[in-house]
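> Pasting the sequence and the predicted coordinates here, then a few questions.
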Amino acid sequence: MKNRYSYRMGNKIYINLTNRCSNACTFCVRTNGSMDDYELWLDKEPSVQDVIASLPPEFAACEEVVFCGFGEPLYRLDAMVELGAYFHRCGKRVRLNTNGQAKHICGEDAAKRLAGNVDIVNVSLNAADALRYQEICRCEFGTEGFDDMLNFAADCKRQGISVVFSVVDVIGEEQVARAKRLAEQMGIPLRVRAYIG
């Protein structure tokens, strides 16, 4: 299926807004898989109307809508803000899964603009320091991407958005333990995700 702008997993609807991403993570399906295997690669980025028109019939009964596709949703901040408001009018909880590099991708006011339109922001922490983060995530902004991500998470928390950090277990036990300490220092819960190859 071409241009799959929304898809269902469990009782959640996922929104796929872009292919663009500022990271090339070593564990990502974009790096390790075939685009033909995942059916999420887009020929064109959708308008807000395209996304709404693509919503599956199960949308009415879903619990949550999640901005999480093949790329980094922050590249489509304007569309996210508009869609988040629409999903709230439909009575849905709205979550953003992101690498958090908002300052470089869409500007320093991103958290403020998301407030009221997104309920939960899941930020991919993936390492406990900038050098290791760069080794794992290969950010196009260099080590600044790590600080950008931490600042965005803190900004979202200040805006009253529920924030969660996540790491993938393939980073190793030591990095997971250090990431837990960093998350605790920032007062943000950490979720350790199992790697799906």
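Thanks, I have the structure now.
> Can you name the element that comes right after the helix-or-strand element of the chain with minimal mean pLDDT?
Counting by mean pLDDT, DSSP states H and E, the chain has its least confident helix or strand at helix 29-32, which shows a mean of 65. Once the chain leaves helix 29-32, the next helix or strand it forms, by DSSP states H and E, is helix 48-54.
> export that next one as PDB, just CAs?
These are the backbone C-alpha positions of helix 48-54, laid out as PDB (Å, rounded to 0.1, in the frame of the first residue of the first chain):
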ATOM      1  CA  VAL A  48      -3.900  17.300   7.500                       C
ATOM      2  CA  GLN A  49      -6.900  16.500   5.300                       C
ATOM      3  CA  ASP A  50      -5.100  13.500   3.800                       C
ATOM      4  CA  VAL A  51      -4.400  12.100   7.300                       C
ATOM      5  CA  ILE A  52      -8.000  12.500   8.400                       C
ATOM      6  CA  ALA A  53      -9.300  10.900   5.300                       C
ATOM      7  CA  SER A  54      -6.900   7.900   5.800                       C
END
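> what are the ranges of the strands in this protein?
Secondary structure of the chain (DSSP state E): strands located at 6-9, 12-15, 64-67, 93-98, 120-124, 162-168, 190-193.
> what's the least confident stretch among the ones you listed?
The minimum mean pLDDT among the strands of the chain belongs to strand 190-193 (a mean of 88).
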